[in-house]
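Trainee: model the structure of this input:
(2 chains)
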Amino acid sequence: MNAFTRIMTGSTSERTSASDPKSFRERGARIGGVLGGFLRRTSRTGFVLYALALGALLGLASADFATRGGYPFGGTTIGAWTAWPRTGSADADPYSRAVNSRRGEIPLAIGEGLLLTAAVDDSGRTLEAGCSYAIGGVVPPARAWTLTIAGRGAADPAKTRLREGFTSTEVLRSTDDRFVIAVSQDVQSGNWLPMPRPRGPVRLALRLYDTPVAASVGSLDRNTLPAITRLGCSR
Amino acid sequence: MSTRGRLILATLCGLVLAGIVHIVTVRAIPYFAQGDAFSLARSSESLDHPLRIHSLAVAGVPAPAEAWLPIPDPAVAVGVCAYDLDDGPMRVSARTGALTLSIAVHSRKGAFYAVTDQAAVRGSLDLVIMTRAQYDEALASEDENQVNRDVRIVAPEREGYAVVRVIAALPSQSAMANDAVDAVSCSIDAPEEPTDANTKPGG
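Mentor: Just a heads-up that it's a prediction; the model follows:
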């Protein structure tokens, strides 16, 4: 372990004295000499310990990073939406399984439904709580669907929410059977979905229940999913 | 070997080791997690109906905070029934109603079966989750003239849980959805019971 700490202190002192190129080179040479001498004197045990420490630290840190928060991969991107058909099935990838375990999530099985999420609008900009959006158009065939909005992290339990989402039965439709949901901080006519928080990024979730498309996500395209259009930002 | 060579070799070994540690850790997380659905569902094992883990708010009364689901659907009531097939096959039976109901059966690895109330026969849905041995036994002791409406599912693992989801399409149906989850029954099938009751009339 001593070798490791010496290497670390050597590299930091090298970085702080980078003002003058000449003294930097001299000092670099001196540190290099000291380091080389030290490494030459270090036994094989030092290298073995260094390799073990590097492996354990990097391995654990990268595993934690990959399974923290959302699923790292396994989704199918369709326009602004990402479909997650396999996260709940028995042949899910190990990362999805680990993420589910860490969050306590029970994902939808393929026979039950399909989850689609969106963190960006149709032109690729992040969904911001300070902006207004119109979500509208069509939804893939499903017996029922819900469209919900959430910020990242847990919701504030002290605050009562007016509305978190719309179901396919609740939503008001126009005469051609299409619908528009207005997501905004301010009250809107029609289907108003209030922003869940004053600022920061938000995410949309579209859950299709009892849908044939869960088994064939490839059949989805931009025209079969609701469009997310940014109308403007107030602040 | 020179010092530099040894340092490079040690670093490479460390990186390979990091890869192995990474893969082992990711694969081991589901088995050591304590806050996952599989572990938390165990508390429902002694109940004969699903443990409701996401209730819907009824008439302004917010849903109790017993839920552990991170981002639940606010229109869907969810209940879980844990099973251990060592106690016998698990029977999940539901009566269909006005609301959309779905049942998914999960093992530790993920869902291996899911069915919605559209598969119900005469308004009732009966799933029997069993091991391969229990399935063979049920087939062997079956009366051929008897119509059996059970959906028999062979579970890949001994332990798991069934998830019941009921969708409240309108807020006024929230109470109904909560009740519909509780109305599902999850019971252990006693092996003698079905054969005893039905063999007598046929002779």
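Trainee: tell me the centre residue of chain B?
Mentor: Residue closest to the mean C-alpha point of chain B, counted by Cα atoms, centre = their mean, is residue B:162 at 2.0 Å.
Trainee: would that residue count as being in a strand?
Mentor: Yes: in this structure, residue B:162 lies within a strand as judged by DSSP: H, G, I helix; E, B strand; the rest coil.
Trainee: show me what it is bridged to.
Mentor: Residues found in beta-bridge contact with residue B:162 (criterion: DSSP bridges) are residue B:81, residue B:105.
Trainee: need the contact list for it.
Mentor: If you count contacts by Cβ atoms under 8 Å, 6 or more residues apart in numbering or on different chains, residue B:162 has them with B:50, B:80-81, B:83, B:90, B:92, B:103-106, B:127, B:129, B:186. C-beta here means a position set from N, CA and C on the backbone, and glycine is covered the same way.
Trainee: which of these sits closest to chain A?
Mentor: Taking Cβ to the nearest Cβ as the measure, chain A sits nearest to residue B:104 out of those, at 4.1 Å.
Trainee: give me the number of residues near that closest one?
Mentor: Around residue B:104 sit 27 other residues, with neighbours defined as other Cβ atoms under 10 Å in any protein chain shown.
Trainee: can you report phi and psi for residue B:9?
Mentor: When read as degrees, to the nearest 10, the backbone of residue B:9 gives phi -60, psi -40.
Trainee: mind checking pLDDT for it?
Mentor: According to the model's per-residue confidence, residue B:9 sits at a pLDDT of 90.
Trainee: so how many other residues sit close to it?
Mentor: So residue B:9, with other Cβ under 10 Å, has 13 neighbours.
Trainee: where in chain A is pLDDT low?
Mentor: Counting by pLDDT under 70, chain A contains low-confidence residues at A:1-22, A:35-41, A:152-160, A:235.
Trainee: quick one: the helices in it, in order.
Mentor: When secondary structure is read from DSSP state H, chain A shows helices at A:2-16, A:21-41, A:44-67, A:94-103.
Trainee: quick one: the shortest one to helix A:44-67, angle?
Mentor: Which is helix A:94-103. For helix A:94-103 and helix A:44-67, the angle between their directions (axes from the mean of the first three to the mean of the last three Cα atoms, to 10 degrees) works out to 80 degrees.
Trainee: show me how far helix A:94-103 is from its chain's centre.
Mentor: With Cα atoms, centre = their mean, to the nearest Å as the basis, helix A:94-103 stands 14 Å off its chain's centre.
Trainee: could you do the longest one as well?
Mentor: Centre-to-centre, helix A:44-67 and its host chain are 25 Å apart (Cα atoms, centre = their mean).
Trainee: could you see whether chain B lies near that helix?
Mentor: Yes: among the residues of helix A:44-67, A:47-48, A:50-60, A:62-63, A:66-67 lie within reach of chain B under Cβ under 8 Å from any Cβ of the partner chain.
Trainee: circling back: distance check, the residue nearest to the centre of chain B against residue B:134.
Mentor: Between residue B:162 and residue B:134 the computed distance is 16 Å (Cβ to Cβ, to the nearest Å).
Trainee: ok, now residue B:37?
Mentor: Distance from residue B:37 to residue B:134, by Cβ to Cβ: 24 Å.
Trainee: who has more neighbours, those two?
Mentor: Neighbour totals were compared for residue B:37 and residue B:134, and residue B:37 leads with 23 against 20 (other Cβ under 10 Å).
Trainee: which ones are touching residue 96?
Mentor: Using chain A. When contacts are counted by Cβ under 8 Å, 6+ apart, residue A:96 touches A:71, A:74, A:86-87, A:107.
Trainee: let's do chain B instead
Mentor: Counting by Cβ under 8 Å, 6+ apart, residue B:96 makes contact with B:117, B:120, B:123-125.
Trainee: need the nearest residue in space to residue B:17, chain neighbours excluded.
Mentor: Setting aside the residues directly before and after it, residue B:17 is nearest to residue A:55 in space (Cβ to Cβ, 6 or more residues apart in numbering or on different chains), at 2.6 Å.
Trainee: okay, now that neighbour: neighbour count?
Mentor: By the other Cβ under 10 Å criterion, the neighbourhood of residue A:55 contains 20 residues.
Trainee: how about the one 5 residues further on?
Mentor: By the criterion of other Cβ under 10 Å, residue A:60 has 14 neighbours.
Trainee: who are the neighbours in contact with it?
Mentor: Applying Cβ under 8 Å, 6+ apart, one finds that residue A:60 lies in contact with B:21-22, B:25.
Trainee: now do the domain split for chain A, please.
Mentor: By the assignment in automatic domain parsing, chain A contains the domains A:2-67, A:76-233.
Trainee: most neighbours per residue, which of those?
Mentor: Each of these was given a mean neighbour count from mean count of other Cβ atoms under 10 Å in any protein chain shown, and the largest, a mean of 18, is that of domain A:76-233.
Trainee: what about it, start to end distance?
Mentor: 29 Å (Cα to Cα, to the nearest Å).
Trainee: stretch B:100-117 too?
Mentor: Termini of stretch B:100-117 sit 7 Å apart (Cα to Cα).
Trainee: just want the most central residue of chain A.
Mentor: To find the centre residue of chain A, average its C-alpha atoms and take the closest one (Cα atoms, centre = their mean): that gives residue A:70, at 4.8 Å.
Trainee: test my guess that it contacts residue A:95.
Mentor: No: because the distance of 10.4 Å does not satisfy Cβ atoms under 8 Å, residue A:70 is recorded as not touching residue A:95.
Trainee: just the helices in chain B please.
Mentor: Listed in chain order, the helices of chain B (DSSP H) span residues B:3-32, B:37-40, B:132-140, B:174-183, B:193-202.
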